[in-house]
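1. coordinates for the following, if possible.
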Amino acid sequence: MNHTISREQIRARLDSGEPITLVEAFPQQYFAKHHLPGAINLPHDEVSELAADLLPDKNALIVVYCANSECKNSGIAREALEQMGYTNVLAYVEGKQDWLEAGYPVESGRRVA
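-> Numbers count the residues shown, from 1 in each chain. From the prediction side, this is the model:
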C-alpha cells in the first residue's frame, strides 16, 4: 500500500473542503514559525502521549509531514499512529520545504486542536 500523498492532492482537498487533518511532526518552535494551513502540532516523539486527545477519529484522513524527504519524523509519526490503530494515515514526504517552494500559503503561531 502506498502511504504517501502529494502536495497537489493535499491542496486539492484543502481547496474543495474535503476532510483532511494535517499533522506537523516537529517540535513546537518549528511549528509556530510556520505550518501548513489548519495543521496541528504532534511531535513525532510525543505521538503515543498526545494522539488520542489531538486525533480522536481513528478513521479520519491524517496527513503527517515534516521538513522534506530527508526528514524521518513524518514516517516515524505515521508508523506510530498506525500501530495505535489509526487506519488512514499518509505521509507528505516532500514536506514543508516542498510546500513553501511551491509558494503555497502557510500559517504561523501556535495552534491548539
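2. how about low-confidence regions in the protein?
-> The chain contains residues with pLDDT under 70 at 1, 110-113.
3. show me where it has helices.
-> Shown for the chain, the helices assigned by DSSP state H span residues 7-16, 28-33, 47-54, 73-83, 95-101.
4. show me what the longest one is packed up against.
-> With contacts taken as 3 or more Cβ pairs under 8 Å, 6 or more residues apart in numbering; DSSP states H and E, helix 73-83 sits against helix 47-54, strand 62-65, strand 89-92. No exception for glycine: its C-beta is placed from N, CA and C like everyone else's.
5. who touches the last one?
-> By Cβ atoms under 8 Å, 6 or more residues apart in numbering, the list of residues contacting strand 89-92 from outside reads 3-7, 10, 61-65, 74-75, 78, 81-82, 98-99.
6. and stretch 47-62, how far from the chain's centre?
-> Averaged C-alpha coordinates place stretch 47-62 at 11 Å from its chain's average position (Cα atoms, centre = their mean, to the nearest Å).
7. using CSV, write out every CA atom in that stretch.
-> Listed next in CSV are the C-alpha coordinates belonging to stretch 47-62 (Å, rounded to 0.1, in the frame of the first residue of the first chain):
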residue,chain,number,x,y,z
VAL,A,47,2.6,10.6,19.4
SER,A,48,1.8,7.9,22.0
GLU,A,49,1.2,10.6,24.6
LEU,A,50,-0.8,13.1,22.6
ALA,A,51,-2.5,11.4,19.7
ALA,A,52,-5.7,10.2,21.4
ASP,A,53,-6.5,13.8,22.5
LEU,A,54,-5.5,15.5,19.3
LEU,A,55,-6.8,12.9,16.9
PRO,A,56,-9.9,11.3,18.3
ASP,A,57,-11.2,9.8,15.0
LYS,A,58,-9.0,6.8,14.1
ASN,A,59,-10.7,6.6,10.7
ALA,A,60,-10.1,10.2,9.6
LEU,A,61,-7.7,11.0,6.8
ILE,A,62,-4.5,12.1,8.6
